[in-house]
Structure formats: structure tokens, C-alpha cells
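A.B. asks: Build me a model:
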Amino acid sequence: MRSDRPRGPAASPSRRAPFWRGGGALPCILLAVATLAGVGGAARAAEESQAFRVRPYLQNPAPDAMTIRWFSASPDAGTLRINEQTLTSKPVPCPELDYQGPEPEDLRHAATPFRHSIRVTGLEPATSYPYSVEQNGETIKAILTTSPRPGAVGKGGGVRLFFYADSETQPESREARTAWLPSISLPGGPRPRWVKGRYPADETTGYRTNLALIAARAAESLRAGNPVLASVVGDLVANGGEQRDWDEFWRHNAGGFGTLAARVPIVAAIGDQEMCGGPTSDDPLADLGGFSGPASLLGSRKFLAYFEHPENGAADKRHVGRYHRIDFGPVTLLTLDTTNGGADDGPDDTNQLLDSRTAAHVPDWAPGSEQFRWLERELADAKQRGAITFVQCHHPPFSSGVHGQPPGTGKGFDEHSGQPLRALLPLLREHGVRAVFSGHDDLYEHSIADGVHFYVVGNGGDGLPTPQEGVVNERQIFVAHDHAAEHWKGNALEQGGKHYGHVEVDVRQVAAGPGFTVTITPVHILPILSPEAPGEIVTWERREYDDVLSFDVGGAPPAPVDEAPATKEPVP
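C.D. replies: Modelled structure (predicted):
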């Protein structure tokens, strides 16, 4: 890959935004995150709970219900207290979450975990409820907020959603600093020599800091009365078959590194890395299967063990939970499974390494398939209801990255191409889809095709590559590498460049008149570097790329507001 590609207008600087509108605490929180980079095995043992393998987290939000899920090391039942109810869990052993033989012994938990999952019903829309979970003598407390009714908003007048992809967690990320080639324009001076083509923070710190910012912005929204949903658009882990990679993901989201998922429900699209068992080897004792059928089945089972998504009515029960619909107030979010589809090795195949004959557990997404027909029905229903419709799928139809190459093998082709997803464009356009969120390429990129906005949000916490040499995305209007020039002043980066981040979507009811204003903001975390100590991160700042999109959706009657009562009294 090359580091410069002249295209379009002069590069635009990134936009500075307040880190934390509620005060100055957040930079300190993120500075603490930075100082904990490179956590080793001994520190890990100290940070992790003895009772909880995965701490409580939220799933499958609804106006009147929420699932609270956790994993324990013991088969003992746990207790959930919420809304003046005391509920007892029914632990289920999860042997699919055991480790593969070649995984390092020092990174393993001792025994098969047990899943605890309680669906709490009878709740009020857009209402906050404190809850507590007790497991083997340890108690964790948090607050959940239900979603508004379809078409409604929270008492603050809106909802907020977050999208990111490609966290690709693994323990090795704690000491891995990704390649970081410079942007095309350096108007403030050249990079200092100490950079040496590597990002200042390791991948674990990048992801952890990204989630800390999401958590802070979510808390701000919730305090204002606006419910929040977070989505990971595939490639959650480095290898879906390696349990240690899943342990690391939940360490970030419901564990020692962070607990965002305890207060904000998370929804996920399955990605190609979830279909990878791990590196292949000629040594059968070291072979983790790659993209073989059995390896992809193991990764699928792990994904489905962790996530509860709404029922999709699939005839093959192995496809339940892999594509789904969530209505979140005025927003309908449709999630696709694009990890394999079309004819094997054909022009519409999104995974040329996975044979559909040995991977029937992976649903086809291509036109004519059951998943495609489901998408047609759900899009038509969302349009009829007047919803603001978003679609998410891991493979990007339009990208400047390596996966923007056509499907195939050899130079100029890609075995995991996103191009076949362009076959969905007529359907998306017909039903008024506003935006499609994808990952796969570890970029931030924004394209427009036939009035539909396509976002690649793959800068969640892994790589920060340049666009792929030879790939031209004619639909592109912004890519961070080309359009966010780095501005250096000595050892300090003042603005610009490729960084870890996410997209924040705010949907607000129009104050005067019917309809909503939708604002889609690409956010990145900028490491604030010491001018005196080369490479030392002093703190982090929230910045926005100069690619904010805002549009109005009107014509419907004024949206009802779910006037939520005050937060229920804390549980004992």
C-alpha cells in the first residue's frame, strides 16, 4: 500500500469538539486508560472478578423489556433485583466457550463457564431502572434504560446510536502498535522521527479509550433523557474460534477494562473474523482451522452464545440471531449477515475461503435467498411505518480499502470482497434507507450512491491502514487518510490524521413541526502528545472529522414523546 493518493479538494482539518460537556473529568479517565496499556497476566488476574467470567450486560432492548446476561465460573444460580422484583437465574453450561488445544494455557480460565440470561418484562418505555446482580457473594450494580416506543423519542426529545467495527480483540493487542503511515498532506511540518510509522498507542489502549469516550457520551445522552444503543459492525474479535480473543472483547465491554455494556445495550453484526477459527498449520496439534467449515461453526457458536438478538423467523434455526431487526424509537436498524453468500468462488461470493457446502450454518444474503427476502419484507414494513431506516452489514459495498477490490484471488482481487453487496443498492434505494454502516476495512470512509450514504467505520480499535493501492472508490466523498491532513508542531500532533473512533448518530425531534433532524458525526480520539517527551501521551481529546452529515426527515405527525417517570428507586 502507498501512503499518498491525490484526490479531490485540499485536505480538510479535523474539527475540535469539547471532550466532555459536563465538565473536565473525562480527560482524566482516558489518561488513566492510557497508563494501563500493556497489562500483563498478573495484572489481569487482579482486575478480573472471581465470580463473574463476564459481568452483567444488556441485550435485545425493547420499550417494555430488556435482557440482562452474565457468565459465571460456577453452576450456582445468581440473583437479579430490578423494579421491585427479585429474579433467580437458571445457569446453562456453555462448552462452546471452551478453549482450543493450541491456545496458551496461561491465558485460559479454569473451567467451562455458565450463562445466566434473564428477560425482564413489564417495563415502561424510555425509562431508567437501577438493577443489581449477585453471583457467588459478589454484587454488581448498574442502570438500564429501555428504548422508546417505535416512532417515539425519549423525554429529552431524541435517541443516540453509536457504530464502530473491527475491534478485533486479542491479548496480543496490549503491546501491538499498528502501522501508521502519514496522510497525504503535512502543512504544519513533517512528522517527528520518533514516530517511525507506528501509532503512539497500542491497539488495546486505542480500543479502550474509544469505548471510554462512547461511555461518556452515552452517559450524557442518558442524563438528558435520550436512550442509547451501541452497535459493533463485525470483526469483534481477531479470531472467532479462539476463546481468549472473546475473553478480551468482554474484558473491554463488561469486565476489568470497561463496563459500557452494563448500561448501554449492544447489538452486533457478525464479521468474517468471527468465521475464522484461528491460524492454520501443517501441525495438527497447532492447527486452528482458518476459514474451514468446522472452524466457522465454532466461531458462530461462540458469537451466538454471547448475543441475544430478536427472532428473524429463519427456517434453519442455525440462522436465528445472525440477522435481525431492532426498532429503537424512530429508528429501524436492520442487521445482515454477509459473511458468505452467492455461488462459491463466483462474482457474488463474499468469502472465497469458505465453502457453502461445509458451512450451511451461514445464511446466504444474495438476491433470492431467505435472508434477502427477509430484508425485502422488513424494509417495506419500516418504510410503511415511516421509520428512519439504517442497515448494517460487515462487508462494505463501497470502500477504498483492500476489500474494495473485486472478488477473486491474486493481484487486484480480494477473497473477502465487499463489492458483491452492491447488488442490494436498488432495494435500499427503493425503500428509502438513509445510511448503511459497515466495517471490514479498518478505515473511516463515507460514500454516497443513489442517495444512500455508506459508511465504513472500521477504525474501532485494530488497524489504521491507508487506502489500497489501485482501488478507486468513485462514490467516495471523504476518507480520513486523504481528507484529514496531519498538522504537527514539533513533537505534538495538533489535528488531523487517521485515528481510532466511531460514528455517533443523533436523532432529535424537530421542535417546531413534524419530523426529526438526524445528525451523523464521525468521531475520533486524538492523542495529545507531550511537546517535551517524544511519544508520551498526556491525554486524549474528542475530535470530529470534517464530514458531519445532518438532514431532516419530515412529513409524519409529530413524534410522541415517552414521558418517562423519574428513575426508579435504587435497588438494595
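A.B. asks: Show me the strands in the stretch 101-250 of the chain, by range?
C.D. replies: Remark: strands assigned in the stretch 101-250 of the chain by DSSP state E, counting those that start in this stretch are 114-120, 128-135, 138-145, 158-164, 228-233.
A.B. asks: Rebuild these as TSV, extending it with mean pLDDT and mean neighbour count.
C.D. replies: Bear in mind the C-beta positions are built from the backbone N, C-alpha and C, glycine included. Compiled in TSV, those are given as follows (pLDDT from 0 to 100; neighbours: other CB atoms under 10 Å):
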stretch	mean pLDDT	mean neighbour count
strand 114-120	98	20
strand 128-135	98	21
strand 138-145	98	19
strand 158-164	98	26
strand 228-233	98	26
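A.B. asks: any chance of these in JSON lines, plus distance to residue 457?
C.D. replies: Listed next are the strands of the stretch 101-250 of the chain as JSON lines, based on distance: least, CB to CB, whole Å:
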{"stretch": "strand 114-120", "distance to residue 457": "28"}
{"stretch": "strand 128-135", "distance to residue 457": "28"}
{"stretch": "strand 138-145", "distance to residue 457": "23"}
{"stretch": "strand 158-164", "distance to residue 457": "5"}
{"stretch": "strand 228-233", "distance to residue 457": "6"}
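A.B. asks: And the ones you listed: which comes nearest residue 180?
C.D. replies: strand 158-164 (18.3 Å; CB to CB).
A.B. asks: Low-confidence ranges, the protein, go.
C.D. replies: For the chain, the stretches with pLDDT under 70 are 1-47, 185-189, 513, 555-572.
A.B. asks: top helix in it by residue count?
C.D. replies: helix 203-223 (DSSP state H).
A.B. asks: Could you tell me how far that one lies from the centre of the chain?
C.D. replies: 12 Å (CA atoms, centre = their mean, to the nearest Å).
A.B. asks: Quick check: which of the strands of the stretch 101-250 of the chain is nearest to residue 288?
C.D. replies: Taking CB to CB, strand 228-233 is the member of these nearest to residue 288, at 22.5 Å.
A.B. asks: who does the closest one touch, helix- and strand-wise?
C.D. replies: Applying 3 or more CB pairs under 8 Å, 6 or more residues apart in numbering; DSSP states H and E, one finds that strand 228-233 contacts strand 158-164, helix 203-223, strand 266-269, strand 331-335, strand 435-438.
A.B. asks: Grab the most central residue of this structure for me.
C.D. replies: residue 232 (1.8 Å; CA atoms, centre = their mean).
A.B. asks: Give me the contacts around stretch 310-329.
C.D. replies: 60-61, 126, 147-154, 159, 161, 227, 229, 267, 270, 300, 304, 307-309, 332-337, 360-363, 365, 370-371, 374-375, 378, 387, 507 (CB atoms under 8 Å, 6 or more residues apart in numbering).
A.B. asks: which parts of that stretch are buried?
C.D. replies: 310, 312, 314, 319-329 (16 or more other CB atoms under 10 Å).
A.B. asks: same question, stretch 545-554
C.D. replies: 545, 547, 549, 553.
A.B. asks: related to what we said a few turns ago, in the longest helix of the chain, what's buried?
C.D. replies: 203-222.
A.B. asks: Taking strand 228-233 as reference, get the angle to that helix.
C.D. replies: 150 degrees (axes from the mean of the first three to the mean of the last three CA atoms, to 10 degrees).
A.B. asks: before we move on, the earlier item: could you dump the helices and strands packed on strand 228-233 into a markdown table with distance to residue 108 added?
C.D. replies: Shown next, in a markdown table, are the helices and strands packed on strand 228-233 (distance: least, CB to CB, whole Å):
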| stretch | distance to residue 108 |
| --- | --- |
| strand 158-164 | 28 |
| helix 203-223 | 19 |
| strand 266-269 | 24 |
| strand 331-335 | 31 |
| strand 435-438 | 33 |
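A.B. asks: Can you say which of these is nearest to residue 251?
C.D. replies: For these, the distance to residue 251 is smallest for helix 203-223, at 9.3 Å, taking CB to CB.
A.B. asks: what about the helices in the stretch 451-572 of the chain?
C.D. replies: 480-483 (DSSP state H, counting those that start in this stretch).
A.B. asks: still on that earlier bit, other SSEs contacting the longest helix of the chain?
C.D. replies: Counting contacts by 3+ CB pairs under 8 Å, 6+ apart, helix 203-223 packs against helix 25-35, strand 158-164, strand 228-233, helix 243-254, strand 501-509, strand 516-529, strand 537-544.
A.B. asks: CSV for the ones you listed, including distance to residue 107?
C.D. replies: Formatted as CSV, these follow (distance: least, CB to CB, whole Å):
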stretch, distance to residue 107
helix 25-35, 22
strand 158-164, 25
strand 228-233, 22
helix 243-254, 5
strand 501-509, 28
strand 516-529, 27
strand 537-544, 27
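A.B. asks: mind checking which of these is nearest residue 172?
C.D. replies: Among the helices and strands packed on helix 203-223, helix 243-254 sits nearest to residue 172 (CB to CB), with 9.2 Å.
A.B. asks: Now do that closest one against helix 203-223, angle only.
C.D. replies: 30 degrees.
A.B. asks: Which residue, neighbours along the chain excluded, lies closest to residue 117?
C.D. replies: Closest residue in space to residue 117, ignoring its immediate chain neighbours: residue 69 at 4.6 Å, by CB to CB, 6 or more residues apart in numbering.
A.B. asks: can you give me how far the helix or strand containing the one you found is from the chain middle?
C.D. replies: Here residue 69 is covered by strand 65-72, with elements defined by DSSP states H and E. Taking the mean of its C-alpha atoms, strand 65-72 sits 19 Å from the chain's own mean (CA atoms, centre = their mean).
A.B. asks: before we move on, what about stretch 337-356?
C.D. replies: In terms of CA atoms, centre = their mean, the centre of stretch 337-356 is found 23 Å from the chain centre.
A.B. asks: Next one: residue 89 relative to residue 504, how far apart?
C.D. replies: 34 Å (CB to CB, to the nearest Å).
A.B. asks: what's the closest of the helices and strands packed on helix 203-223 to residue 405?
C.D. replies: Minimum separation from residue 405 across those (CB to CB) falls at strand 228-233, 19.9 Å.
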